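S.K.: With the sequence up front, the predicted model follows.
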Amino acid sequence: MKIILLGAPGAGKGTVAKRLTEFDGSVQISTGDILRGAVQAGSELGQQANAFMKAGNLVPDELIMGIMGDRLQEPDCKNGFLLDGFPRTIPQAEALKTLLSELGIELDKAINLDVPRDVILDRLTTRRTCENSSCQAIYNIKSSPTKVDGICDKCGSKVIQREDETEQAISQRLATYQEKTAPLANFYESEGLLVNIGAGSTDEVLAAICEAVAAAPA
Ligand code: AMP
């Protein structure tokens, strides 16, 4: 499937995308994971992105489009892709539209995970992430803890609270979301691609996405 996952930080985009990859060989492309990997590696991209990320602000569109222009042309995207955390601004959505039409790729749907703010706040403060940049598995100390405290079940690396998951950074990320990213729902509505899915268990959300994508024109 070729879908965009929209929704506030903590709405469950990453968790849902990771599960969807098991269905049909689609790859998860998370700009947040790519950027955190670059910060950890200390690459030029990482150095440019780090301060924006720590403060809970968006990284400039030019940097993001540079990453995505290359990423979407890699061979593993042929089986489909799940865009997680991208696009995040109207200019990114416009640039993505141009890029996809140049590459002859049609999106199935833009799925908007619409989760209430109190649920989001609770999830973000209790979320933990594997620090290994090639794993980045997501846990939650309340609802899906690691088997061994602080150690990733999948790769054995340390599981940490992200630097941008302090209360201050979280409220900045949510404000940025409202201002810059929430308008994308209207953008994709007018493209005829938007599907809104409310809060539910991961299995319920997965079922709703699969149903929406199956209903998309081939
Ligand atoms: P995420 O893991 O998707 O919440 O992303 C973490 C941080 O990476 C965000 O708060 C932004 O600073 C940055 N980021 C990720 N994706 C994008 C994007 N598409 N555009 C701009 N900044 C992004």
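M.R.: Yep, it's here.

S.K.: how long is stretch 53-70 end to end?
M.R.: With C-alpha to C-alpha, to the nearest Å applied, stretch 53-70 spans 21 Å between its terminal residues.

S.K.: With stretch 9-18 instead?
M.R.: 15 Å.

S.K.: Centre of the chain to that stretch, how far?
M.R.: Distance of stretch 9-18 from the chain centroid (C-alpha atoms, centre = their mean, to the nearest Å) equals 6 Å.

S.K.: Below-threshold pLDDT in this structure: ranges please.
M.R.: For the chain, the stretches flagged by pLDDT under 70 are 216-218.

S.K.: quick one: the residue of it positioned farthest from its centre from Gly32, how far?
M.R.: Relative to the centre of the chain, and counting by C-alpha atoms, centre = their mean, the farthest-placed residue is Val148 at 26.2 Å. Per C-beta to C-beta, to the nearest Å, Val148 is found 25 Å from Gly32. No exception for glycine: its C-beta is placed from N, CA and C like everyone else's.

S.K.: again with Ser190
M.R.: Ser190 sits 26 Å away from Gly32, taking C-beta to C-beta as the criterion.

S.K.: how about the most centrally placed residue in the chain, what does it touch?
M.R.: By C-alpha atoms, centre = their mean, the chain has its centre lying nearest to Asp84, at 2.6 Å. Taking C-beta atoms under 8 Å, 6 or more residues apart in numbering, we find Asp84 in contact with Leu5, Lys13, Gly14, Ala17, Gln28, Ile29, Ser30, Thr31, Gly32, Asp33.

S.K.: That one bridge partners, please.
M.R.: Leu5, Ser30 (DSSP bridges).

S.K.: Contacts made by the helix or strand harbouring Glu62 with the rest, please.
M.R.: Following DSSP states H and E, one finds Glu62 within helix 61-71. Taking contacts as C-beta under 8 Å, 6+ apart, the residues outside helix 61-71 that touch it are 29, 31, 34-35, 45, 48-49, 77, 86, 88-89, 91-92, 95-96, 99.

S.K.: Stretch 198-205 now?
M.R.: With C-beta under 8 Å, 6+ apart as the test, stretch 198-205 has contacts from Gly12, Thr15, Val16, Arg19, Leu113, Asp114, Val115, Pro116, Val119, Ile197, Ala208.

S.K.: From Leu45, how far out is the residue nearest to Pro60 when sequence neighbours are not counted?
M.R.: Distances taken as C-beta to C-beta, 6 or more residues apart in numbering put Phe52 closest to Pro60, at 7.6 Å, once the chain neighbours are dropped. Going from Phe52 to Leu45 by C-beta to C-beta gives 12 Å.
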